[in-house]
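In: sequence isn't available, so here's the structure alone:
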């Protein structure tokens, strides 16, 4: 991401720039192709700040599409950033069966920065996302979580999701 783009994103995030002003000044077209290219670059460079900026743009301009699922799954299972809960929420919205394995892996991964709640919030978002994919594979993963997860809240959520299907 170019420094000018980062500067404009900071302006938009802080409220200094309106969406219209931001769009008028941004040197690239803000679309899903731009998002995909920049996310690939952020993954390659392992740049957590760019990931955070891109996710902000994705939410602000509704850029997330199924074509981003594979990249988002890769991002979900990398430990060098702090945006796992946002990525899980995006995958929940996309409801792609392609995300099942990555979501299940994230349920069972503990990130140091989420140790304050033993990564429970991330696990909960991942269970919700798994439930939303509504596939047999996702159901099997939720059953496993319901039987084996050591966190009572996560286990109870998984059980409740199984009862609703």
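Out: Received it, and whenever you're ready, just let me know what you need. Here the structure is a predicted model, which means the values were calculated and not measured.

In: going by C-alpha atoms from here, please, whenever you check contacts or count neighbours.
Out: OK.

In: per-domain residue ranges of the chain.
Out: 1-63, 84-164 (the TED database).

In: how about the helices in the protein?
Out: With DSSP state H as the criterion, the chain has helices at 3-14, 19-25, 32-45, 48-60, 69-76, 84-94, 100-107, 120-133, 136-148, 152-163.

In: picking that back up, highest average neighbour count across the domains of the chain?
Out: domain 84-164 (a mean of 19; mean count of other Cα atoms under 10 Å).

In: pLDDT of it, averaged?
Out: Domain 84-164 comes out with an average pLDDT of 93.

In: just to revisit the earlier point, want to throw the domains of the chain into CSV with distance to residue 77?
Out: Below are these laid out as CSV (distance: least, Cα to Cα, whole Å):
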stretch, distance to residue 77
domain 1-63, 11
domain 84-164, 6
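
In: nearest to residue 72 among the ones you listed would be which one?
Out: domain 84-164 (6.4 Å; Cα to Cα).

In: re the thing from before, for residue 113, which of the helices of the chain is the nearest?
Out: helix 84-94 (10.4 Å).
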